[in-house]
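*Asks:* What shape does this take:
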Amino acid sequence: MAVKTATEQLIALQGVNKSYQQPNGQQIVILDNINLELRTGEIVALLGPSGSGKSTLMRMIAGLITPTQGQIKYHNRPLVGLNPGVAIVFQSFALYPWLTVLENVELGLKAKGEPPDSRRQKALRMIDIIGLDGFENAYPKELSGGMRQRVGFARALAVEPELLCMDEPFSALDVLTAENLRFELLDLWLERRIPTKAILIVTHGIEEAVILADRIIVLGRNPGRIRADFPVTLPHYRDRKHPSFQALVDQVYKIITNPDLEEIEPPATVSSSTEEPTPEPKYQSLPPVRTGSIAGLVELLEDRPKTDLYRLGQELQLEVDDILPIVEAAKLIHFVELSEGDISLTPIGQKFIAGGIDERKEIVRTQLLEHIRLVQQIYRLLQAKRNQRIPEELVLDILESHFSPEEAERQLKTAIDWGRYAEIYSYDEPSGQIFLDHQAEEELAVS
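*Replies:* Model (predicted):
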């Protein structure tokens with residue numbers, strides 16, 4: 001079987017930044033100093049936690065978003081407007097329900113001005129290759145989720161893009177359908193039955209990245225920047241149970257779950273590069289996780305001295321974007337610690353498990369006031385007010401100097417949820433007021 005090898009530089013990003021200016025003039029940086037090359041003959045997987053700018057980066061490569069600073073080059077020429085060599089497959093099927101399969105696949109060709117006979121011929125060829133032969137005249141409502149996503153692939157590939165961009169293309173499908181479609185796409189790529197010269201896939205699945213990719217790029221967040229960029233030298237098709245496969249998955253988990261890791265020692269089959277750590281921001285980025293989820297994770301670890309995070313995710317059937325926020329939250333309040341991709345309880349976490357409801361609340365209260373700066377500041381603001389009340393807009397105004405308005409609201413909501421659970425303060429939703437009640441204040445004074 002012929003295997004594609006990376007040769008020609010297709011797209012290059014040089015010192016690319018993306019930021020948005022808020023109404024108050026504050027710049028919110030989404031991506032910072034991105035230097036990246038995409039070459040022909042390779043599948044590149046873009047990994048990172050939610051909010052790291054993966055989809056934004058992909059859309060800049062496609063020319064849908066322009067960088068604030070830096071330059072994007074396509075065949076060594078500055079990219080202006082839409083990238084003519086890129087097609088995108090989105091997470092949602094994005095089909096027009098009133099058009100048939102054939103008409104949906106022809107859309108991209110029609111937009112490029114392809115003559116009717118030619119676009120029909122190309123569309124039918126791609127429908128056949130992608131496994132939709134016989135469904136040309138069917139409408140999307142007649143198709144299963146997997147078949148609708150095949151239409152999305154056929155539409156993107158029909159325009160013969162040099163780079164096929166895929167934004168979490170399998171995440172809306174059930175597990176078996178996603179696995180089948182994933183390997184069918186790999187078959188088409190390895191057998192050179194599709195015209196594209198390179199593939200960029202944005203994914204939150206570490207296993208998916210290791211199964212498909214010739215190269216993995218890991219983004220950090222706040223702001224998004226490249227933390228690691230390394231080749232995957234395992235031959236296709238890859239065995240999930242092989243020690244080299246599992247070692248690589250563990251390594252990626254280690255990188256993603258240790259945002260402050262300065263030096264990354266790769267397994268024997270991997271080489272990696274990292275950048276200098278960024279200074280710690282004034283406010284931690286609080287994952288949008290409820291305390292019940294944190295408690296559930298801690299209880300799950302009760303009888304396990306040390307657990308491999310990758311295998312824990314498998315056991316819970318959670319992707320990294322699902323389990324990582326819970327782990328991050330537990331780590332922020334010092335309930336767990338991470339080492340070499342393994343997770344274990346701290347003495348405080350063990351004490352939390354052993355406690356009753358009141359003891360648990362007191363432990364969380366202590367940890368929040370010691371380690372979470374946003375909770376600390378809200379509490380101090382409340383103490384400083386004569387009536388011990390503040391409007392949530394006050395906190396949002398402060399947060400919007402560090403986060404986008406949407407993220408500021410998420411941060412505040414999480415801080416309110418955590419603070420209410422620990423009875424540090426209360427919240428009145430109709431008035432949008434955060435306040436201290438006397439009982440909570442007395443309990444805090446005692447503790």
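
*Asks:* domain assignment for this protein?
*Replies:* Residue ranges for the domains of the chain, per automatic domain parsing: 9-85+161-257, 370-446.

*Asks:* least reliable of the ones you listed going by mean pLDDT?
*Replies:* Mean pLDDT is lowest for domain 370-446 out of these, coming in at a mean of 84.

*Asks:* now, of the domains of the chain, which is deepest in the fold?
*Replies:* Comparing the domains of the chain by mean neighbour count (mean count of other C-beta atoms under 10 Å), domain 9-85+161-257 comes out on top with a mean of 19. Every C-beta, even on glycine, is put in place using the N, C-alpha and C of the backbone.

*Asks:* now the domains of the chain as CSV including distance to V105?
*Replies:* As requested, the domains of the chain are exported to CSV (distance: least, C-beta to C-beta, whole Å):
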stretch, distance to V105
domain 9-85+161-257, 14
domain 370-446, 35
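
*Asks:* closest one to L345 among these?
*Replies:* Across those, L345 has its closest neighbour in domain 9-85+161-257 (15.5 Å, C-beta to C-beta).

*Asks:* And that closest one, how far out from the chain middle?
*Replies:* 11 Å (C-alpha atoms, centre = their mean, to the nearest Å).

*Asks:* Could you do stretch 151-158 as well?
*Replies:* Remark: stretch 151-158 is offset 24 Å from the chain centroid, using C-alpha atoms, centre = their mean.

*Asks:* Quick check: L318 vs H75, distance?
*Replies:* Distance, L318 to H75, by C-beta to C-beta, to the nearest Å: 41 Å.

*Asks:* what about the stretch 251-400 of the chain, any weak spots by pLDDT?
*Replies:* For the stretch 251-400 of the chain, the stretches with pLDDT under 70 are 259-282, 320, 340.

*Asks:* Tell me which stretches of the stretch 251-400 of the chain form helices.
*Replies:* According to DSSP state H, counting those that start in this stretch, the stretch 251-400 of the chain carries its helices in the segments 291-300, 309-316, 320-332, 347-354, 357-371, 373-384, 392-399.

*Asks:* For these, could you give me JSON lines that also reports distance to I30?
*Replies:* Converted to JSON lines, these look like this (distance: least, C-beta to C-beta, whole Å):
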{"stretch": "helix 291-300", "distance to I30": "27"}
{"stretch": "helix 309-316", "distance to I30": "27"}
{"stretch": "helix 320-332", "distance to I30": "18"}
{"stretch": "helix 347-354", "distance to I30": "33"}
{"stretch": "helix 357-371", "distance to I30": "27"}
{"stretch": "helix 373-384", "distance to I30": "21"}
{"stretch": "helix 392-399", "distance to I30": "16"}
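
*Asks:* Nearest to I130, out of those helices?
*Replies:* helix 320-332 (27.3 Å).

*Asks:* quick revisit: tell me which of the helices of the stretch 251-400 of the chain sits nearest to A138.
*Replies:* Distance to A138, taken as C-beta to C-beta, is lowest for helix 320-332 among those, at 32.9 Å.

*Asks:* Can you list the buried residues in the closest one?
*Replies:* Buried residues in helix 320-332, counted by 16 or more other C-beta atoms under 10 Å: V320, D321, I323, L324, P325, I326, V327, E328, A329, A330, K331, L332.

*Asks:* What segments of the stretch 201-350 of the chain are strands?
*Replies:* Per DSSP state E, counting those that start in this stretch, the stretch 201-350 of the chain carries strands over the ranges 215-220, 225-231, 307-308, 336-339, 342-345.

*Asks:* okay if I get the ones you listed as a markdown table plus distance to I43?
*Replies:* Formatted as a markdown table, the strands of the stretch 201-350 of the chain follow (distance: least, C-beta to C-beta, whole Å):
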| stretch | distance to I43 |
| --- | --- |
| strand 215-220 | 7 |
| strand 225-231 | 11 |
| strand 307-308 | 26 |
| strand 336-339 | 29 |
| strand 342-345 | 29 |
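
*Asks:* Let me know which of the ones you listed is the nearest to L394.
*Replies:* strand 215-220 (30.0 Å).

*Asks:* how far off strand 225-231 does that closest one point, in degrees?
*Replies:* With axes from the mean of the first three to the mean of the last three C-alpha atoms, to 10 degrees as the basis, strand 215-220 and strand 225-231 are set at 160 degrees to each other.

*Asks:* outside of strand 215-220, which residues touch it?
*Replies:* 36, 42-49, 52-54, 57, 209-210, 225-232, 252, 255-256, 259, 278 (C-beta atoms under 8 Å, 6 or more residues apart in numbering).

*Asks:* make it 6 Å
*Replies:* 42, 44-48, 52, 209, 227-229, 231, 255, 259 (C-beta atoms under 6 Å, 6 or more residues apart in numbering).

*Asks:* The domains of the chain: which one's closest to G341?
*Replies:* Closest among the domains of the chain, once you apply C-beta to C-beta, is domain 9-85+161-257, at 4.0 Å.

*Asks:* what distance separates the start and the end of the closest one?
*Replies:* Domain 9-85+161-257 stretches 31 Å from its first residue to its last (C-alpha to C-alpha, to the nearest Å).

*Asks:* Please apply the same query to stretch 223-239.
*Replies:* Taking C-alpha to C-alpha, stretch 223-239 runs 35 Å from one end to the other.
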